[in-house]
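Chemist: Fold the stuff below for me.
(2 chains)
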Amino acid sequence: MTTYIPIADRDEELHDHPHSFITKWVFSQDHKVIAIQYGCTSIFVGLIALVLSGLMRLQLGYPDSFAFIDPADYYQFVTMHGMIMVVYLLTALFLGGFGNYLIPLQLGARDMVFPFLNMLSYWFFFISVLILLASFLVSGGPTGAGWTLYPPQAILRGTPGHDMGITLMLASLAVFIVAFTMGGLNYVTTVLQARTHGMTLMRMPLSIWGIFVATILGLFAFPALFVSAVMMVFDKIVGTSFFMPAILSLGEAVDHKGGSPILFQHLFWFFGHPEVYIVALPAFGLVSDVISTHARKNIFGYRMMVWAIVAIGALSFIVWAHHMYVSGMNPYFGFFFAFTTLVIAVPTAIKVYNWVLTLWQGNIRLTVPMLFAMGFIFTFVHGGLTGIFLGNVTIDLPLSDTYFVIAHFHMVMGVSPVLVLFASLYHWFPKMSGKMFNQTMAKVHFWGTFLGTYAIYLPMHYLGFLGVPRRYYSYGTTDFIPDSAQTLNANITNAAIFVGIIQMLFIINMVWSVFKGKKADPNPWEATTLEWQTPENPPGHGNWGSKLPVVYRWAYEYSVPGVKADFVPQTIPPEEVEMEEGAGPYIYRGEEEHA
Amino acid sequence: MSNQAVDKVGHWQTVCDDWGDDKQAFKVHWGKFMMWIFLVSDTFIFSCFLVGYMKVRMTVTDPWPFPSEVFALTLFGNSIPLILIAIMTFILITSSGTMALAVRFSHFRDKKRIAQFMFITAAFGASFVGMQAFEWSKLIAEGVRPWVNPFGAPQFGSVFFMITGFHGLHVSIGVIYLITVAMKILKGHYDKTDYEIVEIAGLYWHFVDLVWVFIFAFFYLW
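Modeler: Got it, this is the predicted structure:
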């Protein structure tokens, strides 16, 4: 038997460098190109979802003013907005985009372990997006079942898109899951098996920890969605009754009987809750690195940050039924799930304290990525606190299905991860493109987005307390909703349109900078991690030239007393670190002591 | 770490140090590791199918048919319950044995024997799928469909076709996978490297076999 040689110890494998346009930019196996493909595709569908949300808001803010939005359209906008944002934008951009880009670069690998599978992953994702968009073109339009796609209503007549829309939606999800699995296997295996010399697990940047744990969650949670999609497609097309009970639809008895709609809810949320953390954990990781870099200070409690990510990931699998308090389940279940839900607040709070303590007495540079990262701390704390309300059964019941819920999850898993996305996109843009973006435009983008989202979501909490239900096309006249609520709604809409439009600044900035931007320094933020130490900028095929980098320390060696520069890259040998006059030799305190 | 140090901090510390060391966490081929992760993920898919089946079986309004009667074959005038399933299970488990032999010969780098046993394994797998097709056509001839079932609850048919179909798909993919790998081995594609691919394919095959044991227990014996 031959002994197996670790990937980092092998000679440079003969990479056939691609030359034609097609192999270099279209069917590329280079993780950086795949990352950018993932990024552009997901941002493109994200923009569609943004437009859909604007249309929804127009209807809610100015009911009966827009003849082209009828109730069916409205439900289709709601559904597609939610599904695209959660799955096709956030999941794809964090894991397919940043996962692909950062894992090999931050760990000192030449590429993912299985580049061909990685390329297939992107193209399956691309097909899933095409199927998703195709549902806008078929008769009946896309499904209007709400992003949770609850049966029986999802496939009954009367629901918009019940004929083709729902089938395409489920097919698209199934293809997406196949794509994610192919990518996810690569991410996990690369993290565990292809790190460079000296890159121990406890020296990995927190970005990698977040992406790594989120990918594991995805590989274990997406199967539940896959199974429920398969079963619902059978209910819809073949006429089985997995989820369909015997009920009347538009006055006629349906052909189904004996199925269990609750089963779908369990399967969906067994996926759906880990999905929240599939989005949040990479955001936690990326924002930790951004905060530490721009505060010129090591991340506070690195070891605790890692364990908090792992603990949150593990707990996320046993909280799913807190989405189902009103489903009529056994109250003892509610007790259990409320308990586990509130336990998650502990590791999450550890993370928030550590971010704040990293900022404490740091040499903060108010760069664009830092602004977004600090904005994230605000919105995340805000959304997290309302989560404590909703995690308790007795408080959740009256607030269920109101705008309070909308405000909560948009704050905590909409705005917060999106702010991290912007922080990370601005932070890594100089590395990805080799160009610098326009600072002024980016700062206007930040303040517009940050203040604008508060203008949208803060008033929604109040609407929720009033009992204004979500997913209503229009409210008519009721006893419990005062007229002033409509004034609020109109102003929320104005803010939403404003925030939507200001996102164009981001797009313009990125596109303009790629072509006309100033050439960026290889390490503009003076960061320590490996991707900033590549021989070329942007990194070339194979990333590291002829020799893999060697890692001597953790990723957070900032502002070390006695050291001349305020950062020590991971790749510089200890004897080459320049010291101030009179200071003794450089001593690495080790990641153990920072715990 | 010296032995004394091990005594001092305990074995857990050394386990953690090994696992968290640089380059790689497990001393295995990356492909084998990737297959393990994939199989864990696939386990979640089959578990969700089986849990879904159990839940549906609890909610149905019509009586659930007796599997031993539905899956009986009449041979030589006697109705023998579950006989076909017994043979299919026996064949699949035997194929795991032949696969293990192929892996054994991969350690000796005996190309001919590896390919031989992989082809035998694939043949067992193909005959399993063939018998499954026979079982499907028998049930379909008796009037069982995913949406209707003359023996009782229609969900019986839905679950049966869905789960055995999904498993049969795995076996079919496995057969193609084994044949492809065996052909490549014969052509000398792996001569310069190692024969880890045999073990990786073997992992998949044993997994498909193991899943069948669960489907057999939960669907046919319950």
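Chemist: Enumerate every residue touching the residue of chain A positioned farthest from its centre.
Modeler: The centre of chain A is farthest from one residue, A:G582, which by Cα atoms, centre = their mean lies 47.2 Å away. When the contact criterion is Cβ atoms under 8 Å, 6 or more residues apart in numbering or on different chains, A:G582 has no partners at all. Just so you know, the C-beta spots here come from the backbone N, C-alpha and C atoms, and that holds for glycine as well.
Chemist: tell me the secondary structure for it?
Modeler: At A:G582 the chain is in coil, as set by DSSP: H, G, I helix; E, B strand; the rest coil.
Chemist: Identify the residue spatially nearest to A:S400, adjacent ones excluded.
Modeler: A:V326 (5.0 Å; Cβ to Cβ, 6 or more residues apart in numbering or on different chains).
Chemist: In contact with the nearest residue to B:E142 once chain neighbours are set aside, which residues?
Modeler: With sequence-adjacent residues excluded and distances taken as Cβ to Cβ, 6+ apart, B:E142 is closest to B:P150, at 6.9 Å. Going by Cβ under 8 Å, 6+ apart, B:P150 touches B:142-144.
Chemist: Lowest mean pLDDT among the helices and strands of chain B, which one is it?
Modeler: The weakest-scoring helix or strand in chain B, judged by mean pLDDT, DSSP states H and E, is helix B:3-9 (a mean of 55).
Chemist: how about the strands of the chain, start to end?
Modeler: Chain wasn't specified; assuming chain A. A:248-249, A:252-253 (DSSP state E).
Chemist: try chain B instead
Modeler: Counting by DSSP E, the strands of chain B are B:72-75, B:78-81.
Chemist: Sheet-wise, list the partners of the first one with their directions.
Modeler: Strands flanking strand B:72-75 in the sheet, each with its direction: strand B:78-81 (antiparallel) (DSSP bridges).
Chemist: how distant is the strand it pairs with from the center of its chain?
Modeler: 27 Å (Cα atoms, centre = their mean, to the nearest Å).
Chemist: quick one: buried residues of it?
Modeler: B:P81 (16 or more other Cβ atoms under 10 Å in any protein chain shown).
Chemist: A:L397 - how many residues pack around it?
Modeler: Other residues lying near A:L397 total 11 when counted by other Cβ atoms under 10 Å in any protein chain shown.
Chemist: so what's the residue nearest to A:S400 up against?
Modeler: Counting by Cβ under 8 Å, 6+ apart, A:V326 touches A:396-397, A:400-401.
Chemist: What does the pLDDT read for the spatially closest residue to A:V356 that is not a sequence neighbour?
Modeler: Excluding its sequence neighbours, the residue lying closest to A:V356 (Cβ to Cβ, 6+ apart) is A:I377, at 6.9 Å. pLDDT, A:I377: 97.
Chemist: Could you dump the strands of chain B into a markdown table with mean pLDDT added?
Modeler: Shown next, in a markdown table, are those (pLDDT from 0 to 100):
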| stretch | mean pLDDT |
| --- | --- |
| strand B:72-75 | 79 |
| strand B:78-81 | 81 |
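Chemist: just checking, what packs against the longest helix along chain B?
Modeler: If you go by DSSP state H, chain B has its longest helix at helix B:154-186. Helices and strands touching helix B:154-186, by 3 or more Cβ pairs under 8 Å, 6 or more residues apart in numbering or on different chains; DSSP states H and E, are helix A:206-233, helix B:30-59, helix B:111-141, helix B:196-215.
Chemist: Try it again at 7 Å.
Modeler: When contacts are defined as 3 or more Cβ pairs under 7 Å, 6 or more residues apart in numbering or on different chains; DSSP states H and E, helix B:154-186 sits against helix B:30-59, helix B:111-141, helix B:196-215.
Chemist: Run the chain-centre distance for it.
Modeler: 8 Å.
Chemist: Please tell me the pLDDT value assigned to the residue nearest to B:E142.
Modeler: Confidence score, pLDDT, at B:P150: 90.
Chemist: Against B:I83, how distant is it?
Modeler: 21 Å (Cβ to Cβ, to the nearest Å).
Chemist: And A:L286, by the same measure?
Modeler: 59 Å.
Chemist: With neighbour numbers in mind, choose between the two.
Modeler: Remark: of A:L286 and B:I83, A:L286 carries more neighbours, 30 against 15, as counted by other Cβ under 10 Å.
Chemist: if I look at the nearest residue to A:L206 once chain neighbours are set aside, how far off is A:N509?
Modeler: Closest residue to A:L206 apart from its sequence neighbours, by Cβ to Cβ, 6+ apart: A:S288 at 4.0 Å. Relative to A:N509, A:S288 is positioned 25 Å away (Cβ to Cβ).
Chemist: thinking again about what came up before, how about the longest helix of chain B: buried residues?
Modeler: B:154-164, B:166-168, B:170-172, B:174-175, B:177-179, B:181-182, B:185.
Chemist: Could you check the angle it makes with helix B:30-59?
Modeler: Using axes from the mean of the first three to the mean of the last three Cα atoms, to 10 degrees, the inter-axis angle of helix B:154-186 relative to helix B:30-59 is 170 degrees.
Chemist: Check A:H594 and give its pLDDT.
Modeler: At A:H594, pLDDT is 51.
Chemist: ugh, wrong one, I meant A:G258
Modeler: 89.
Chemist: list the contacts for it?
Modeler: A:241, A:245, B:59-62, B:153, B:155 (Cβ atoms under 7 Å, 6 or more residues apart in numbering or on different chains).
Chemist: Give me the nearest residue to it, chain neighbours excluded.
Modeler: That would be B:V60: by Cβ to Cβ, 6+ apart, it lies 4.1 Å from A:G258.
Chemist: What's the local residue count around that neighbour?
Modeler: Neighbours around B:V60, by other Cβ under 10 Å: 19.
Chemist: That one touches B:P154, doesn't it?
Modeler: No: between B:V60 and B:P154 there is no contact under Cβ atoms under 7 Å: 8.2 Å.
Chemist: Could you report the distance from the residue farthest from the centre of chain A to A:G562?
Modeler: A:G582 is 9 Å from A:G562, by Cβ to Cβ.
Chemist: Kindly report the same for B:T14.
Modeler: From B:T14 to A:G562 the distance is 34 Å (Cβ to Cβ).
Chemist: Likewise for A:V238?
Modeler: In terms of Cβ to Cβ, A:V238 sits 72 Å off from A:G562.
Chemist: Please apply the same query to A:E576.
Modeler: Taken as Cβ to Cβ, the span from A:E576 to A:G562 is 15 Å.
Chemist: So the two - more neighbours on which side?
Modeler: Neighbour count, other Cβ under 10 Å: between A:E576 and A:G562, A:G562 has more, with 14 against 10.
Chemist: Now the more buried one: closest residue in space that isn't a chain neighbour?
Modeler: Excluding the flanking residues, the one nearest A:G562 by Cβ to Cβ, 6+ apart is A:A583, at 3.4 Å.
Chemist: now swap in A:L359 and tell me
Modeler: A:A295 (5.3 Å).
Chemist: pLDDT score assigned to that neighbour?
Modeler: 96.
Chemist: shaky segments in chain B?
Modeler: B:1-10 (pLDDT under 70).
Chemist: Around chain A, pick out the residues from it.
Modeler: Proximity of chain B to chain A (Cβ under 7 Å from any Cβ of the partner chain) is limited to residues B:20-30, B:33-34, B:37-38, B:41, B:44-45, B:48-49, B:52, B:55-56, B:59-62, B:107, B:146-147, B:153-155, B:158, B:162, B:194.
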